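Student: This is a predicted model, with the sequence first.
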Amino acid sequence: MKNGIHPDYDFMTVKLADGTTFTTRSTMGIEQYNSEVDSSNHPFYTGKRTMVDTAGRVEKFRRRYGIKDTSSESEDG
């Protein structure tokens, strides 16, 4: 390996949102990393999912790009 081209790989402490800490190694160059999201508060792990308004997002997209909704038009011929 060439000397001087690799970042320093030092020890750092990771503090999770619930207060748990552990030591690992990283190239981030900081002594402590504070995580805002972990398995104690992330919706995927807790099962507390919020409902996403998909219809609202689709309508916003259609308004932005001027796309007409063809599903509501009648096909009388």
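Tutor: Noted; the coordinates are in hand.

Student: what pLDDT, on average, does the longest helix along the chain get?
Tutor: Longest helix in the chain by number of residues (criterion: DSSP state H): helix 54-65. Mean pLDDT, helix 54-65: 80.

Student: and it, how far from the chain's centre?
Tutor: On the basis of CA atoms, centre = their mean, to the nearest Å, helix 54-65 is displaced by 22 Å from the centre of the chain it belongs to.

Student: Stretch 25-42 now?
Tutor: Chain-centre distance of stretch 25-42: 14 Å, with CA atoms, centre = their mean.

Student: what do you get for stretch 31-47?
Tutor: Averaged over its C-alpha atoms, stretch 31-47 has a centre that lies 11 Å from its chain's centre (CA atoms, centre = their mean).

Student: For it, give the mean pLDDT please.
Tutor: Over the span of stretch 31-47, the pLDDT mean works out to 81.

Student: Offset the numbering so it begins at 21, please.
Tutor: Will do, 21 is the new start, and the previous item becomes stretch 51-67.

Student: mind saving the C-alpha coords of that stretch as PDB?
Tutor: Listed in PDB are the C-alpha atoms of stretch 51-67, where the atom choice follows Å, rounded to 0.1, in the frame of the first residue of the first chain:
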ATOM      1  CA  GLU A  51     -14.400  11.500  18.500                       C
ATOM      2  CA  GLN A  52     -18.200  11.100  18.900                       C
ATOM      3  CA  TYR A  53     -21.100  10.600  16.500                       C
ATOM      4  CA  ASN A  54     -24.600  11.300  17.700                       C
ATOM      5  CA  SER A  55     -27.300   9.300  15.900                       C
ATOM      6  CA  GLU A  56     -30.800  10.600  15.700                       C
ATOM      7  CA  VAL A  57     -32.400   7.400  14.300                       C
ATOM      8  CA  ASP A  58     -31.900   3.900  15.500                       C
ATOM      9  CA  SER A  59     -33.900   0.700  16.000                       C
ATOM     10  CA  SER A  60     -35.500   2.100  19.200                       C
ATOM     11  CA  ASN A  61     -37.300   5.000  17.300                       C
ATOM     12  CA  HIS A  62     -37.300   4.200  13.600                       C
ATOM     13  CA  PRO A  63     -40.900   3.400  12.300                       C
ATOM     14  CA  PHE A  64     -39.700   0.300  10.500                       C
ATOM     15  CA  TYR A  65     -38.600  -1.400  13.700                       C
ATOM     16  CA  THR A  66     -41.300   0.100  16.000                       C
ATOM     17  CA  GLY A  67     -44.200  -0.700  13.700                       C
END
